[in-house]
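Colleague: Fold the following.
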Amino acid sequence: MRSVAVVVQPGFAPFEFGLACEAFGLDRSDDGIPNFDFRIVAPDPGAVSSNIGFSINVEHGLDAAEDVDILVLAPIPRSQWDHVDERVIEVVRAAHARGAWLLSVCSGSFVIAASGVLDGRRATTHWRYADTMARMYPQIDVDPDVLYVQSDNIITSAGTAAGLDACLHLLRQELGSELANRIARRMVVAPQRDGGQAQFIASPIPIDASLSLAPVTEWMLQNLHAELSVDRLAARAHMSPRTFARRFKADLGATPAAWLARQRLLHAQRLLEETDLGLDRIAAECGFGSAAVLRQNFARTMGLTPTAYRARFSCTGAEVSASVPESEAIPA
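Modeller: Now for the predicted structure:
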C-alpha cells in the first residue's frame, strides 16, 4: 500500500480537490485495485474554506504528510501565488528530497514552483495563468499547450479536468495501464486523452467535428501493424493529404503520426501486461517493425524498457524474449 496526502489551503477549488480524492481516496479493492493510505492535510487543521462559500473539516496537519509517497497540491487562489505558505513549501521540498511523487492540479503548480524544485524543469499550469507563472518563475520552462508535464517525479497539470489526466498518468505508472484503465472506467472517463490545452484556447471544436474521422481512427486501431501513411489514411477518408492532416489535428488535438505512435505504445503496454509474446512479435503487431525500434520508442516515452515494464506490471509473469539484446537498442 502506498500513501497519498492532498494539501488543501484556504480558498481551495472544490472540483480540483475532488479529483485527487476520486483518484486516490476511494476503495476499489472489489475491482482488484489496491487501496492507498489517503490523507487530507492542511497547514492549520480544522475548518478550511473553499472558494465557493463552504468549508471542510481537515483533521490532519502537515506532519501527516512527512512520510507519504505521493504529495498532491490542490489549487490555491491568485492572492496566495506570490506568498505561498512557507510551511507548505518545506513539506514540498522534503517530499522531493526523499524521492516522493509531487503532483499539482491547476494553480497548485505555483506551490511547487515557489519551493524551487521546478527550477530548470518544464512544467505547466492552467493556460490562463501560464504567462503569469513564466514571469514569476523565468527559470521554469512553462508549457501552456499540454494537459500535464512529468519531469522525473514531479507532475504538473493544466486546469480543472486536466488534473484527472495527470492523476491517471501517475496511476498508470504506479499500477500499470490495466489497473489505471479500470479506475478510468469506474470514473467513466477516457483512460488517456490525446492533445493538449491548445485545443481549448482558440475556437471550440463542433461537437460532431470528429465523427467524420471516426471510421478512419477505428480502422487505424484495427490495423496498427500496417504501414499507415498520411496518404493512405487520407485516401480512406476521401480527402487530400493536406486536408486530412489539418482536419485530424483540429479534431483530435494531435497529428496523425503522433496519435498513431501513442496508440501503438498503448497497445504494446497491453500486450506486455497481458500476454507472453516476445518483443519481436509485439513490435510486429504494434507496427514498430522491429524489437529495437519498439525498445527505443517505449523507453523514450515511458522512461523504462519493455523488459522492465513487463517485470513490473505483467499479469502473466512472462519473460521478454527477442532476437536483439535490449542493451543494443538503448545506449547509455
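
Colleague: Val293 in helix, strand or coil?
Modeller: Taken by DSSP: H, G, I helix; E, B strand; the rest coil, the conformation at Val293 corresponds to helix.

Colleague: close enough to count as contact, it and Cys286?
Modeller: No: checked against CB atoms under 8 Å, the pair Val293 and Cys286 is beyond contact range at 9.8 Å. Glycine gets a C-beta too; all of them are placed from N, C-alpha and C.

Colleague: the more surrounded of these two?
Modeller: Neighbour comparison, Val293 and Cys286: the larger count goes to Cys286, with 23 against 15 (by other CB atoms under 10 Å).

Colleague: dump the residue contacts of the more buried one.
Modeller: With contacts defined as CB atoms under 8 Å, 6 or more residues apart in numbering, Cys286 is in contact with Leu224, His225, Arg264, Leu265, His267, Ala268, Leu271, Leu294.

Colleague: dump the residue contacts of the fourth one.
Modeller: So that's Leu265. Counting by CB under 8 Å, 6+ apart, Leu265 touches Cys286, Asn297, Phe298, Thr301, Met302.

Colleague: what's around the fourth one, how many residues?
Modeller: Okay, so that is Thr301. Close neighbours of Thr301, defined as other CB under 10 Å, add up to 12.

Colleague: before we move on, what about the third one?
Modeller: Other residues near Phe298 come to 28 when the count uses other CB under 10 Å.

Colleague: From Leu277, how far out is the closest residue to it other than its chain neighbours?
Modeller: Taking CB to CB, 6 or more residues apart in numbering, and ignoring the residues beside it in sequence, Phe298 has Pro306 as its nearest neighbour in space, at 5.1 Å. According to CB to CB, to the nearest Å, Pro306 stands 11 Å off from Leu277.

Colleague: just the strands in the stretch 151-300 of the chain please.
Modeller: When secondary structure is read from DSSP state E, counting those that start in this stretch, the stretch 151-300 of the chain shows strands at 154-157.

Colleague: what about it, any weak spots by pLDDT?
Modeller: For the stretch 151-300 of the chain, the stretches flagged by pLDDT under 70 are 190-211.

Colleague: For it, which segments count as helices?
Modeller: Listed in chain order, the helices found in the stretch 151-300 of the chain under DSSP state H, counting those that start in this stretch are 162-175, 177-187, 198-201, 214-222, 230-237, 241-252, 256-274, 279-286, 291-302.

Colleague: Quick check: phi and psi on the residue lying farthest from the centre of the chain?
Modeller: Ranked by distance from the centre of the chain (CA atoms, centre = their mean), the top residue is His238, with 34.0 Å. Backbone dihedrals for His238, given as degrees, to the nearest 10, come out at phi 60, psi 50.

Colleague: And it, how far from Ser212?
Modeller: The span separating His238 from Ser212 equals 9 Å under the rule CB to CB.

Colleague: Next: Tyr129.
Modeller: Computed as CB to CB, the Tyr129 to Ser212 distance reads 35 Å.

Colleague: So for the two, which sits in the more crowded spot?
Modeller: With neighbours defined as other CB under 10 Å, Tyr129 and Ser212 compare such that Tyr129 has more, 22 against 13.

Colleague: The more buried one - nearest residue in space that isn't next to it in sequence?
Modeller: Leaving aside its sequence neighbours, Tyr129 is closest to Ser107 (6.0 Å, by CB to CB, 6+ apart).

Colleague: quick one, what contacts the residue lying closest to Phe313 once chain neighbours are set aside?
Modeller: Using CB to CB, 6+ apart and skipping residues adjacent in sequence, the residue nearest Phe313 is Gly176, 3.3 Å away. Gly176 sits next to Gln269, Glu273, Arg312, Phe313 when contact means CB under 8 Å, 6+ apart.

Colleague: ok so, going back, which SS class is the residue nearest to Tyr129?
Modeller: The three-state label given to Ser107 by three-state DSSP is helix.

Colleague: about what we covered before: taking the helices of the stretch 151-300 of the chain together, which one is wrapped up most tightly?
Modeller: helix 162-175 (a mean of 23; mean count of other CB atoms under 10 Å).

Colleague: List of residues touching that one?
Modeller: Outside helix 162-175, the residues that touch it by CB under 8 Å, 6+ apart are 2, 16, 19-20, 22-24, 33-34, 70, 101, 103, 105-106, 147-148, 150, 155-157, 179-180, 183-184, 187, 189, 191-193, 197, 313.

Colleague: CA atoms only: put stretch 262-275 into PDB for me.
Modeller: Output for stretch 262-275, consisting of C-alpha atoms alone and laid out as PDB, is shown next (Å, rounded to 0.1, in the frame of the first residue of the first chain):
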ATOM      1  CA  ARG A 262       0.700   6.900 -28.900                       C
ATOM      2  CA  GLN A 263      -1.900   4.200 -29.800                       C
ATOM      3  CA  ARG A 264       0.900   1.800 -30.800                       C
ATOM      4  CA  LEU A 265       2.600   2.300 -27.500                       C
ATOM      5  CA  LEU A 266      -0.700   1.800 -25.600                       C
ATOM      6  CA  HIS A 267      -1.200  -1.500 -27.500                       C
ATOM      7  CA  ALA A 268       2.400  -2.500 -26.700                       C
ATOM      8  CA  GLN A 269       1.700  -1.800 -23.000                       C
ATOM      9  CA  ARG A 270      -1.400  -4.100 -23.100                       C
ATOM     10  CA  LEU A 271       0.500  -6.900 -24.800                       C
ATOM     11  CA  LEU A 272       3.400  -6.600 -22.300                       C
ATOM     12  CA  GLU A 273       1.000  -6.800 -19.400                       C
ATOM     13  CA  GLU A 274      -1.500  -9.400 -20.700                       C
ATOM     14  CA  THR A 275       0.500 -11.800 -22.900                       C
END
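
Colleague: Perfect, I'm done here.
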